[in-house]
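**Q** okay, predicted coordinates and the sequence, questions at the end:
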Amino acid sequence: MARINDNFLKLKAGYLFPEIGRRVKAFTEANPEAAARLIRCGIGDVTEPLPEACRKAMHDAVDEQGDSKTFRGYGPEQGYDFLRDAIADNTYADLPISADEIFISDGSKCDSGNILDIFDPGNTIAITDPVYPVYVDTNVMIGNTGEADENGAYEGLVYLPCTAENDFVPAIPEEKVDIIYLCYPNNPTGATATREQLTAWVNYAKENNSIILYDAAYSAFIQEDDVPRSIFEIDGARECAIEFQSFSKNGGFTGTRCAYTVIPKDLVGYAEDGSTHPLHGLWSRRHSTKFNGASYPVQRGAAAVFSEEGKAQVAALIEGYMGNATLLREACQKIGLPVFGGVNAPYVWVGCPEGITSWDMFDRMLEQANVVITPGSGFGAAGEGYFRISAFNSRENVEEVCRRIEENLG
Ligand SMILES: *Cc1c(COP(=O)(O)O)cnc(C)c1O
């Protein structure tokens, strides 16, 4: 009898995006003329083409694979040196992160889930609320939680509410937690954490021998000078943090797939007998055993993000998306809604009108403006009363969305 992993039975049947799909389908079937007008600002996926420098590098790499003199088979599991060096020299130019602390992969979503392989299920896990659902579901799958209650909150997880009152950065908990997920700039709230706030978290983690799992997927969208782009800008973070970075949002690699995880060599975890063990070695072992390296042409494409042309093309992409975010912020402000995020992140987090729930607002935007947004409550209980608009869209679509918000919802 092949037993299944019963933890999967605890998962709520992917509620958010299926429910959005169901409501959009019902509305467009009943209103075919509105269907043609529909603009999707829901899912956080890029829309603009891959930078030319990346495409060129990938074409060249494919040609190399077509010649026996330059052909490459299996590459190093941790990634090619040309990419690890480029990341160390660029993303971490002013920080003490070396190339051999960088692990290349095919995505941050996988890395942030797979990292749990090297940790004990007995750890107490803290997540923010609202949150990127991957952190929660991967902990459920591996057995780190109990059952979900009627609000969808899992027994055994420590939820850290992020609200307008705390500027969407969680307060340091009273209790001891072993692993903390932080994501800044944040998906879904678009908020950033200050140096002081991150320093408080690093100090907490060091005092409690906890680990911070820091998701910096949106670091390239930071516009303001004093906002930390990496947890490793904070003193002491090398002793308590792992960082996830991705080419998905800056380079538009959501469909091309390349990301990286940084594990400093000083970072240790504890065995049952209290002995300390470097997490770098554990992850290296895990990565080499269960992963065979990201595709060579894709790694060449990712490295081109750091070339002169690549940097200029990525900067233009980000400028476009952040210009969209500014327009969306202004449109929501004009109709009198409280607006957060969208300054250093491609997400605008908007308060619903008084007394309107996130899902009511979703329906209103769909029916009155034919615009699909994401209801805040789908990211956690503390997201109730908010909605997220993604700035990942063409300028033309965003201008139209803004017109409709002002004309139909004002
Ligand atoms: C988009 C996104 C990522 C990137 O995931 P990939 O698997 O690298 O595409 C990581 N974290 C968050 C919070 C994201 O929104």
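**A** Great, that's in hand. Numbering: from 1, shown residues only.
**Q** A strand includes residue 226, no?
**A** No. Read with DSSP: H, G, I helix; E, B strand; the rest coil, residue 226 is coil and lies in no strand.
**Q** leaving out chain neighbours, which residue sits closest to it?
**A** Of all residues beyond its chain neighbours, the one nearest residue 226 is residue 195 (7.1 Å), with distances taken as C-beta to C-beta, 6 or more residues apart in numbering. (Glycine included, C-beta is placed from N, CA and C.)
**Q** my guess is the one you found contacts residue 230. True?
**A** No. Residue 195 lies out of contact with residue 230 (C-beta atoms under 8 Å); the separation is 11.4 Å.
**Q** ok, the two, which is more surrounded?
**A** Comparing residue 195 with residue 230 by neighbour count (other C-beta atoms under 10 Å), the higher total belongs to residue 230, at 21 against 13.
**Q** spell out which residues of the stretch 151-300 of the chain are next to the ligand.
**A** Residues of the stretch 151-300 of the chain that fall close to the ligand, judged by C-beta under 6 Å from any ligand atom: 183, 187, 215, 217, 246, 248-249, 254, 259.
**Q** contacting residues around the spatially closest residue to residue 270 that is not a sequence neighbour?
**A** Closest residue to residue 270 apart from its sequence neighbours, by C-beta to C-beta, 6+ apart: residue 276 at 6.1 Å. Going by C-beta atoms under 8 Å, 6 or more residues apart in numbering, residue 276 touches 268-270.
**Q** make JSON lines from those and add pLDDT, secondary structure and neighbour count to it.
**A** JSON lines is the format used below for the contacts of residue 276 (pLDDT from 0 to 100; DSSP: H, G, I helix; E, B strand; the rest coil; neighbours: other C-beta atoms under 10 Å):
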{"residue": "268", "pLDDT": "98", "secondary structure": "strand", "neighbour count": "19"}
{"residue": "269", "pLDDT": "98", "secondary structure": "strand", "neighbour count": "18"}
{"residue": "270", "pLDDT": "98", "secondary structure": "strand", "neighbour count": "12"}
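**Q** between these, which is nearest residue 114?
**A** Distances from residue 114 to the contacts of residue 276, taken as C-beta to C-beta, are shortest for residue 269 (15.5 Å).
**Q** state the distance from the closest residue to that closest one other than its chain neighbours to residue 211.
**A** Distances taken as C-beta to C-beta, 6+ apart put residue 279 closest to residue 269, at 5.3 Å, once the chain neighbours are dropped. Separation of residue 279 from residue 211 (C-beta to C-beta, to the nearest Å): 8 Å.
**Q** now do the shared contacts for the two.
**A** Shared contacts of residue 279 and residue 211 (C-beta under 8 Å, 6+ apart): 242, 267, 269.
**Q** how many neighbours does the second one have?
**A** Other residues within reach of residue 267, judged by other C-beta under 10 Å, total 20.
**Q** do residue 271 as well
**A** By other C-beta under 10 Å, 10 other residues sit near residue 271.
**Q** neighbours around the closest residue to it other than its chain neighbours, how many?
**A** Excluding the flanking residues, the one nearest residue 271 by C-beta to C-beta, 6+ apart is residue 277, at 5.9 Å. By the measure other C-beta under 10 Å, the count of residues near residue 277 is 12.
**Q** tell me the contacts of residue 277?
**A** Counting by C-beta under 8 Å, 6+ apart, residue 277 makes contact with 268-271.
**Q** ok, back up a step: which of the residues of the stretch 151-300 of the chain next to the ligand sit farthest apart?
**A** By the measure C-beta to C-beta, 183 and 254 form the most distant pair in these, at 16.6 Å.
**Q** ok, now which ones touch the residue most central in space within the chain?
**A** Nearest to the geometric centre of the chain sits residue 217, at 5.0 Å (C-alpha atoms, centre = their mean). Counting by C-beta under 8 Å, 6+ apart, residue 217 makes contact with 108, 183, 187, 244-246, 248-249.
**Q** the same query, at a cut-off of 6 Å, please.
**A** 108, 246, 249 (C-beta atoms under 6 Å, 6 or more residues apart in numbering).
**Q** quick check on it: phi, psi?
**A** Main-chain dihedrals, residue 217, degrees, to the nearest 10: phi -60, psi -20.
**Q** kindly report the same for the one 4 residues further on.
**A** For residue 221, the backbone dihedrals (degrees, to the nearest 10) come out as phi -90, psi -10.
**Q** same question for the one 10 residues further on.
**A** Comment: the main-chain dihedrals of residue 231 come out as phi -60, psi -20, following degrees, to the nearest 10.
**Q** show only the entries of the contacts of residue 217 found in strands.
**A** Using DSSP state E, the members of those that fall within strands are residue 246.
**Q** can I have the buried ones of the contacts of residue 217 as a PyMOL selection?
**A** Here is the PyMOL command that selects the buried residues among these (16 or more other C-beta atoms under 10 Å):
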select buried, resi 108+246+249
